[in-house]
Structures are given as structure tokens and as C-alpha cells.
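In: Okay, structure incoming, though there's no sequence with it:
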DNA sequence: GTCTATAAGCTGATAGAC
DNA sequence: GTCTATCAGCTTATAGAC
């Protein structure tokens, strides 16, 4: 990957973020050096600082971009006539969106503690926005009488935790197709919150 | 915490592991140095190597001790007459055991990738033993006709993922008591696997 | 925009004095 | 069993040549 001198501002930036994404996901933010990232891209370490002020900003940008994409995609979902349909849609969306970005998802919740307090607060706010979308569905379902929950906030966190569990074991080409996984989880979520 | 010379083999070892536990849980294995651990204990860095051959072994021992305690406690649970009672007991046990050891639990699943392949395989085997205990309950319940699951293995992982979610938000002295938390989760788990 | 060279400091681990 | 001193190598980030 060693390269000679030249000007590549358009492509080096994305390549740096992609290399950081792979390496952070695999070895963890703290265990990865700027030199490793540079080597993966094929530049010297000093060149990275034309694209990021420091290592922390690299991590923050990866996490912020991911959370903003997640929120934008969730907000773009078609509205549904009833809470049950909305929940089914949310479960399917959540599983598929996260399965398509396993590295971003892994980083987004493994590396929270490596953010500065300021950056952490911003990522947390985005995460709460996303949780609130699900909580809104659950509360609406309670009002409709189709869901029965002892505590809507905990139910929200429990559903997300259950769905995120997929990431720890699912591998494309394994025993189950994505459609099957989606059906299995939907069955459990539906029953868990049912009246 | 600075100390003068002396012989303390009986207490220094546990103190080192406790310091490593706190620091690894807070900052992550890769971000914590042997000097930081030594400073927390009140010895010089070189002294640590009387108790551990290296940093990796310190992490491995913390994780192995935790998993073995978890398995021993789970195996010591009184046997139940029916799968529903066994599942209720398992849910209560899991929540309470994990809430009492938030740092060990956090390390046990955040630092898996920092284990050597050999150590990782051993911890994974213990984790699988624990999952198998829950899976046995779910399969027994299916045979009894009280549970209905599309896939027992995924249901096992989903229930554990949901319960582990407690760790991310529960704080002692918060809005809910441990008993309430237990009841809320039991309600959702029970319904999720119900026939 | 990338390079080389460097600053200033930290890392895990070891050797030998006491 | 703990200390001090040390090794060899790594770290993030910057300065200045090209």
C-alpha cells in the first residue's frame, strides 16, 4: 500500500475514516495507533492530521455520522396506522439497519467511554432520540390497548437490548436467513409487549 | 497511597486484582497501564510481576474467576418442579447476580477481544455453559407445552441480551427498586417465550 | 498534501540491590 | 516482596522541506 507523494484530498479523507472504522472495530480505539491507521491507508502518520485534528475527533466523527444516519433513516420510515404495525416496522428496520453496519454499531456502543465528556453528551443525545421513537410507539400501543407494559422506558431499553443481541451472534450465510431472524425476533418482541 | 518497603504477599495480590478490576472497568484494558494499577495499589510497577506474569493474565484471571463464580452459583440453584418456575428463578438469579458485580460483568463482555485466542476460547466455553443452562429450561418448557419458541438457541440469546440490558441503565437508589426491576423483566420474559 | 524528522513522554517487562 | 533503574520500543502530535 506504500504510495509516493501526490495530492488526494478528495479520497484520502474517506479512506482514513474507513481504515479507522475497521481497526477500531477490530482492536478497539485505545489499542489502535495513528501509525496503524496511516499504514492501512498507505500514507505516513503525519498526513492524517490534514484530515483530523486528532485521534479523538476521528472516533467522534465515526460515531456521530452513524447515529445521524440511523436517526435520519428511522425518521424516514412511512407512518403506520396502528402501534402494532409501527412496532413491526421498527423491529424490521432496526435489525436490517444494524446488520448492514456491524462495525459502526459495534464501535457506537463499545467506544462510548473513550469519548471526551463533551462528545459523549452529543452521542448520548442522539441515542436518546432514537430510543424515544421506540418509546413513542410503545406508549401509543398502550393507549390503543394492544400493548401492556409495567414500565414503558424499561420496555424500550429491553426491546433494543434484545434486538442488539443479534449483532453478537449473526453471521451472514449462517444457519438462518435475515428474513428468518427478523420473524423470530418479531415474534418474541410482539409477545413480550402484548396486552 | 505511597507505601514503604515490606512484605505483604497475602494482601497485595487481591489488592492488585481489585485495582485492575476498577481501572479496566472504567477506562478499558488497553487504556490502562501497569503503572496506573501499581499506583492505585500503592506499589511500584515492578512489584506487580510478583503476582502476575503479565498484564494479559491479570485480565484473564478476572474474567475466569467471574465466569466460574457465575456458573457455580447458577448450578447451586434449587431445582424446580416446572420450567416456568425454573425460568422465573433464572431471571431473578441472573439480574441479582449481575447487579452485584457490575464491574466484572462489564469487563467480561467488553474485553473479550483483548484476550489471547487461547484465553478467549476458555472464557467462551464457560459462557456457553451458562447459556446452555437457560436453553435447557426453555427446551423443557417447550416439551411441557408452556413455552412456544421458533428457535430455542436464539430465544436463549435474546433473553440474556434483554436481561443484560439492565446493566446499562440501572443505578442503585434510582427510580426503581431491585424487586421492581425483577418483576418488570420477568413479566416481559415470561410473555416473550409463552405458548 | 505528503513527506521526513523530531519532541516529549509513555509502554510492558526485567535485573539486581536491599 | 518491594524497591530503583533501565531497556527497547511505542505513543500522539508538530515543524518544516518539497
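Out: That came through, no problem. If you're wondering where the values come from, they're calculated on a predicted model, not measured in any experiment.

In: give me the number of residues near residue A:107?
Out: Residues lying near residue A:107 (other Cβ atoms under 10 Å in any protein chain shown) number 22. Yep, even glycine has a C-beta here, placed from its N, CA and C like the rest.

In: Assess the claim that it and residue A:22 are in contact.
Out: No: using Cβ atoms under 8 Å, residue A:107 is not in contact with residue A:22, being 10.1 Å away.

In: I'd like the distance between residue A:194 and DNA strand D.
Out: 49 Å (Cβ to the nearest atom of the strand, to the nearest Å).

In: where does chain A dip in pLDDT?
Out: Chain A contains residues with pLDDT under 70 at A:1-9.

In: residues in it within reach of chain B, list them.
Out: Applying Cβ under 8 Å from any Cβ of the partner chain, we find that chain A lies next to chain B at A:26-28, A:30-31, A:110, A:113-114, A:150-151, A:154-155, A:157-162, A:164-165, A:168-169, A:176, A:181, A:183-185, A:187-189, A:191-194.

In: ok, now with 6 Å
Out: A:28, A:30-31, A:150-151, A:154, A:157-158, A:161-162, A:165, A:169, A:184, A:187-188, A:191-192 (Cβ under 6 Å from any Cβ of the partner chain).

In: Among those residues, name the buried ones.
Out: Neighbour counting with 16 or more other Cβ atoms under 10 Å in any protein chain shown marks A:28, A:30-31, A:151, A:154, A:157-158, A:161-162, A:165, A:184, A:187-188, A:191-192 as buried within those.

In: Can you spell out which helices and strands pack onto whatever helix or strand residue A:142 lives in?
Out: For residue A:142, the element it lies in under DSSP states H and E is helix A:117-144. Secondary-structure packing of helix A:117-144 (3 or more Cβ pairs under 6 Å, 6 or more residues apart in numbering or on different chains; DSSP states H and E): helix A:55-75, helix A:83-99, helix A:152-164.

In: between the shortest one and helix A:117-144, how big is the angle?
Out: Direction vectors for helix A:152-164 and helix A:117-144, defined by axes from the mean of the first three to the mean of the last three Cα atoms, to 10 degrees, enclose an angle of 110 degrees.

In: what element comes up after helix A:152-164 heading to the C-terminus?
Out: By DSSP H and E, the next helix or strand past helix A:152-164 is helix A:166-169.

In: Give the buried residues for that next one.
Out: Here helix A:166-169 shows A:166, A:167 as buried, counting by 16+ other Cβ under 10 Å.

In: What is the nearest of the buried ones among the residues of chain A next to chain B to residue B:10?
Out: Closest approach between these and residue B:10, by Cβ to Cβ: residue A:30, at 32.9 Å.

In: so that closest one touches residue B:27, yeah?
Out: No: if you go by Cβ atoms under 6 Å, residue A:30 and residue B:27 don't touch, sitting 7.9 Å apart.

In: Outline the domain layout of chain A.
Out: A:1-52, A:59-193 (automatic domain parsing).

In: could these be laid out in a markdown table, adding distance to residue B:77?
Out: Formatted as a markdown table, those follow (distance: least, Cβ to Cβ, whole Å):
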| stretch | distance to residue B:77 |
| --- | --- |
| domain A:1-52 | 35 |
| domain A:59-193 | 23 |
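
In: closest one to DNA strand C among those?
Out: domain A:1-52 (2.7 Å; Cβ to the nearest atom of the strand).

In: does the closest one come close to DNA strand D?
Out: Yes: using Cβ under 7 Å from any atom of the strand, we find that domain A:1-52 touches DNA strand D at A:5, A:32, A:33, A:34, A:35, A:36, A:45, A:46, A:49.

In: In those residues, which residue is surrounded by the most others?
Out: Result: residue A:32 is most packed of the residues of domain A:1-52 next to DNA strand D (other Cβ under 10 Å), 22 neighbours.

In: check contacts around it.
Out: Contact analysis of residue A:32 by Cβ atoms under 6 Å, 6 or more residues apart in numbering or on different chains lists A:23, A:24.

In: ok, so what distance separates it from residue A:22?
Out: Residue A:32 sits 10 Å away from residue A:22, going by Cβ to Cβ, to the nearest Å.

In: can you tell me which helix or strand residue A:13 belongs to?
Out: Per DSSP H and E: residue A:13 is located in helix A:9-27.

In: which residues are in contact with that helix?
Out: Here helix A:9-27 has contacts from A:32, A:36, A:37, A:40, A:41, A:51, A:58, A:62, A:103, A:106, A:107, using Cβ under 6 Å, 6+ apart.

In: Include distance to DNA strand C and secondary structure when you put these into a markdown table, please.
Out: Shown next, in a markdown table, are the contacts of helix A:9-27 (distance: Cβ to the nearest atom of the strand, whole Å; DSSP: H, G, I helix; E, B strand; the rest coil):
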| residue | distance to DNA strand C | secondary structure |
| --- | --- | --- |
| A:32 | 14 | coil |
| A:36 | 14 | helix |
| A:37 | 12 | helix |
| A:40 | 12 | helix |
| A:41 | 8 | helix |
| A:51 | 7 | coil |
| A:58 | 14 | helix |
| A:62 | 19 | helix |
| A:103 | 23 | helix |
| A:106 | 23 | helix |
| A:107 | 22 | helix |
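
In: I appreciate the help and will end here.
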